[in-house]
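Trainee: Dropping the sequence and predicted coords here.
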Amino acid sequence: MRGAISALAVGLVTLAVLAVPTVGKAAVPPPLEGVPHYDHVFTIVLENENYDATWNTPINGQPTYLQSLRSQGAFADEYYGISHVSADNYIAMTSGQPATPLFNTDCVNWGSCEGFEKLWPNLANPTAGARSIADQVEDAGHTWKAYMDSMGTPCLHGPQTGSDPHQTGYATRHNPFVYYPAIVENAARCNSHVVDYSALATDLASESTTPNYAFITPDTCHDGHDAPCVAPEAGQPGGLISANAWLATEVPKILSSPAFTTKGKHSLLMITFDENGFSDVAGCCGALSGTVGLTNATSALALGGRIGLVALGSGVKAGKVVHTTYDHWSYLRTVEDALGIGEHLNLSGLPTTPAMADVVTP
């Protein structure tokens, strides 16, 4: 009898041990549409440069820093903008919306554009209402921040009436988050999430303080827009020279941060442009082929041209080149999948808008 009891006790202990979950090995969420799960997704958006000059042409006989990143990550060589004004492209990247007449003015009057998206329901899910990636990230229990170079004051934007003074250096039109009422009309939310770029260094200090979604906009000198630069970087050459110098300083800080180096964590950095220079008015993809009643252009400049995108991070194959056609709506769909968000906003949710799974996987 005593032997039977002992055997029973050993069996119960064995079952108890088997029932204890393994510490430190949390299950990784399954891929969505072939896009792996990432703990952190970073995006850097540059400005208005021609594809060949950006990706193929050396400067002073040497490959640029941005060109060197192609060998470290995966390069989407058929990635396109959706419009030939800045504001439309930033809105497409953050809420999947199509180009609108107001944003085709680049929102010189901030007050005329703020709140525009109340006019646009979620085209892929009409019952969801107007939303942005910020809403999606928070609803999923994740964190986000937008880091704006040279902004200074958090959540800075133009006046409700009259011209927006923030056109060079920090440019409001390059900060999509101050046009969404759910963000900009909530001062506490906006001030804590839409911050000066200098805040990134503090947030990168640990993996736990790094947001799950980070959207980074260099100022108009550092993003390649101005040539030459004006205040606060007057005297710098601007264009791709200044953009590459800024990237060469700032990108290594991101890639060497705990978000990328902590064992068991997975992070992704994507670098692209809002649009090509005005010599390229090409566009793609399904959303621009009449799928939802959109025409290829409302004017000759309504398409953003070929711009390219490079992705670096966990699981991304170094030196890979992907020839699939993508655009800013595909970018948003990829971010949504990468962060485990099942909802796809507006044109990112169309069957003809693919996620960039072949870019972020081997």
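Mentor: Received the coordinates, thanks. Residues are numbered from 1 along each chain as shown.
Trainee: residue ranges for the helices of the stretch 51-200 of the chain, please.
Mentor: Under the criterion DSSP state H, counting those that start in this stretch, the stretch 51-200 of the chain carries helices at the ranges 51-55, 65-68, 86-95, 110-113, 133-139, 181-184, 187-193, 199-203.
Trainee: so what secondary structure elements neighbour the third one?
Mentor: Going back to what we said before, that points to helix 86-95. Contacts defined by 3 or more Cβ pairs under 8 Å, 6 or more residues apart in numbering; DSSP states H and E place helix 86-95 against strand 40-46, helix 133-139, helix 328-338. Glycine gets a C-beta too; all of them are placed from N, C-alpha and C.
Trainee: now the ones you listed as JSON lines including mean pLDDT, mean neighbour count and distance to G169?
Mentor: Listed next are the helices and strands packed on helix 86-95 as JSON lines, based on pLDDT from 0 to 100; neighbours: other Cβ atoms under 10 Å; distance: least, Cβ to Cβ, whole Å:
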{"stretch": "strand 40-46", "mean pLDDT": "98", "mean neighbour count": "25", "distance to G169": "15"}
{"stretch": "helix 133-139", "mean pLDDT": "97", "mean neighbour count": "20", "distance to G169": "24"}
{"stretch": "helix 328-338", "mean pLDDT": "97", "mean neighbour count": "28", "distance to G169": "24"}
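Trainee: In a markdown table: those, plus distance to G158.
Mentor: Shown next, in a markdown table, are the helices and strands packed on helix 86-95 (distance: least, Cβ to Cβ, whole Å):
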| stretch | distance to G158 |
| --- | --- |
| strand 40-46 | 20 |
| helix 133-139 | 20 |
| helix 328-338 | 23 |
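Trainee: that older thread, of all the helices of the stretch 51-200 of the chain, which gets the most neighbours per residue?
Mentor: Greatest average neighbour count among the helices of the stretch 51-200 of the chain goes to helix 86-95 (a mean of 27), per mean count of other Cβ atoms under 10 Å.
Trainee: Could you report the neighbour count for V321?
Mentor: Per other Cβ atoms under 10 Å, the neighbour tally for V321 reads 12.
Trainee: just checking, it touches D77?
Mentor: Yes - the pair V321 / D77 is scored as a contact, 5.9 Å apart, by Cβ atoms under 8 Å.
Trainee: thinking again about what came up before, for T249, find the nearest of the helices of the stretch 51-200 of the chain.
Mentor: T249 lies closest to helix 65-68 among those, at 9.2 Å (Cβ to Cβ).
Trainee: Flag the shaky bits of the protein, pLDDT-wise.
Mentor: Across the chain, the ranges flagged by pLDDT under 70 are 1-27, 116-130, 281, 286-302.
Trainee: and with 80 instead?
Mentor: Counting by pLDDT under 80, the chain shows low-confidence ranges at 1-28, 100-102, 104, 115-130, 277-303.
Trainee: For the spatially most central residue of it, which residues count as its bridge partners?
Mentor: Nearest residue to the geometric centre of the chain (Cα atoms, centre = their mean): T43, 3.8 Å. Beta bridges link T43 to F215, M270 when assigned by DSSP bridges.
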